[in-house]
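Novice: structure of the sequence below:
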Amino acid sequence: MPVLTTSGAVALRAGKNASPDIINNQDKIISFISGAEAVVNSMTRKNWNDVYSTLTNEKRMLLDEAVSSYAAMNVIAYDMSGYTSRTEAETKLDVLRDMFDRARKLLENKDTVSFVS
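Specialist: Numbers count the residues shown, from 1 in each chain. Next up, the predicted model:
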């Protein structure tokens, strides 16, 4: 089961035009979240799932932003049909990628991690 974010956070980031077939399917959402957790853990070289209960709220918020943004990108890429245009979906992907990159960089930066401890 996912630890670092919720299906609600993913749905919120994916937006109102995200495919209801995906958003309302817990198995698919959990799959996207689990994949995003693996990516964040691998990229930051830390298993955040194992230490989640000991983290500060600031670290939890960064992890939620990174994981939910990455999972939402996968939701959008999986099915763009609900968006008003491909441009809308791609713009949403760009925004989510920027959010993911910012959170990931902060989690990778040892000075930042020490600061928010």
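Novice: the strands in the protein, which residues?
Specialist: Counting by DSSP state E, the chain forms no strands at all.
Novice: just checking, which helix or strand of it averages the lowest pLDDT?
Specialist: Ranking every helix and strand in the chain by mean pLDDT, DSSP states H and E puts helix 110-115 at the bottom, with a mean of 61.
Novice: now do the contacts for the residue nearest to residue 62 when sequence neighbours are not counted.
Specialist: What sits nearest to residue 62 in space, not counting adjacent residues and going by Cβ to Cβ, 6 or more residues apart in numbering, is residue 103, at 4.8 Å. All C-beta spots, glycine's among them, are computed from the backbone N, C-alpha and C. Residues in contact with residue 103 (Cβ atoms under 8 Å, 6 or more residues apart in numbering) are 62, 63, 65, 66, 69.
Novice: among these, which ones are in helices?
Specialist: Among these, the members found in helices (DSSP state H) are 62, 63, 65, 66, 69.
Novice: how about the fourth one, nearest residue that isn't a chain neighbour?
Specialist: Translated: residue 66. For residue 66, the nearest residue in space outside its immediate sequence neighbours is residue 103; the separation is 3.8 Å by Cβ to Cβ, 6+ apart.
Novice: same question for residue 83.
Specialist: In space, residue 83 is closest to residue 89, 4.1 Å off (Cβ to Cβ, 6+ apart).
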